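Visitor: Quick one: sequence plus predicted model below, questions after.
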Amino acid sequence: GAVVSQHPSRVICKSGTSVKIECRSLDFQATTMFWYRQFPKKSLMLMATSNEGSKATYEQGVEKDKFLINHASLTLSTLTVTSAHPEDSSFYICSARDSNRASNTGELFFGEGSRLTVL
Amino acid sequence: AQSVAQPEDQVNVAEGNPLTVKCTYSVSGNPYLFWYVQYPNRGLQFLLKYITGDNLVKGSYGFEAEFNKSQTSFHLKKPSALVSDSALYFCAVRDPYNFNKFYFGSGTKLNVKP
């Protein structure tokens, strides 16, 4: 089945530093990937849609300068949390859809998530 | 606007008993419905989906879901619960006008006790 790999699974950083999270589709191509944020005991909040070779589309209220997204290839998207602060601590999950499958029936495949803790 | 509701924050069931996790949806257009499961500190795993066809959809790990158009529901079911089924379950609906956009319910924590 389709596998999405996310790295790192856990990261602890100091306030003010930047952290990069990678999301890779291992056995399929994904022209579009999605970044979600999950707060404790809460549902997933879509942050942005990452488009291969073009700018990401951010959801309302998400700071694009804070959460930099790059989708340089058909199998890799990165999320960089810039100048991280404790309130950025969260569980970040990426997902992707197989570009070769029918767009109206394909489910999303999710990475394992990255737990960010900003001290 | 598209949305899903999971009315129960938590469902408790004894091992071996049937389980139901509820989901209702609101969609303008044909609904594309999904169930995902999340184990602690993990990503979401796909369980099953309804696109069209039979109202009873069978998925992974013995789970099934019944699409009910008149009640706008898509409840997740399993005839006999296992302790290992304990996890967080999310219902989701895909936007029929933007296939890239999914709307997730708030999640239901399933506790299966031995």
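Guide: That came in fine, so what should we check first? Numbering: from 1, shown residues only, chains lettered A, B, ... in the order given.

Visitor: Give me the three-state assignment for residue A:62.
Guide: Assigned with DSSP: H, G, I helix; E, B strand; the rest coil, residue A:62 falls in the coil class.

Visitor: What segments of chain B are helices?
Guide: With DSSP state H as the criterion, chain B has no helices.

Visitor: interface residues of it facing chain A?
Guide: B:32, B:34, B:36, B:41-46, B:49, B:51, B:90, B:94, B:99-102, B:104-107 (C-beta under 8 Å from any C-beta of the partner chain). In this view, the C-beta of every residue, glycine as well, is placed from N, C-alpha and C.

Visitor: Can you say which of those residues are buried?
Guide: Buried by 16 or more other C-beta atoms under 10 Å in any protein chain shown: B:32, B:34, B:36, B:42-46, B:49, B:51, B:90, B:94, B:99-100, B:102, B:104-107, out of the residues of chain B next to chain A.

Visitor: for the least confident helix or strand in chain B by mean pLDDT, the distance to its chain's centre please.
Guide: Sorting the helices and strands of chain B by mean pLDDT, DSSP states H and E puts strand B:98-104 at the bottom, at a mean of 84. In terms of C-alpha atoms, centre = their mean, to the nearest Å, the centre of strand B:98-104 is found 15 Å from the chain centre.

Visitor: Render the CA-only coordinates of that strand in PDB, please.
Guide: Provided in PDB are the C-alpha atoms of strand B:98-104 (Å, rounded to 0.1, in the frame of the first residue of the first chain):
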ATOM      1  CA  ASN B  98     -12.400  20.500  -4.100                       C
ATOM      2  CA  PHE B  99     -11.100  17.000  -4.000                       C
ATOM      3  CA  ASN B 100      -8.000  18.000  -2.200                       C
ATOM      4  CA  LYS B 101     -10.000  19.200   0.800                       C
ATOM      5  CA  PHE B 102     -11.100  16.900   3.600                       C
ATOM      6  CA  TYR B 103     -13.100  17.900   6.600                       C
ATOM      7  CA  PHE B 104     -12.500  15.800   9.800                       C
END
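
Visitor: tell me the contacts of the residue in chain A that chain B sits nearest to?
Guide: Chain B sits closest to residue A:110 of chain A, with a gap of 3.9 Å, by C-beta to the nearest C-beta. Counting by C-beta atoms under 8 Å, 6 or more residues apart in numbering or on different chains, residue A:110 makes contact with A:4, A:93-95, B:36, B:43-46.

Visitor: ok, what's across the strand from residue B:88?
Guide: residue B:38, residue B:109 (DSSP bridges).

Visitor: isn't it right up against residue B:109?
Guide: Yes: between residue B:88 and residue B:109 there is a contact at 5.4 Å, judged by C-beta atoms under 8 Å.

Visitor: between the two, who's got more neighbours?
Guide: The residue with more neighbours, out of residue B:88 and residue B:109, is residue B:88; 19 against 16, by other C-beta atoms under 10 Å in any protein chain shown.

Visitor: Distance-wise, check that one relative to residue B:5.
Guide: Distance, residue B:88 to residue B:5, by C-beta to C-beta, to the nearest Å: 16 Å.
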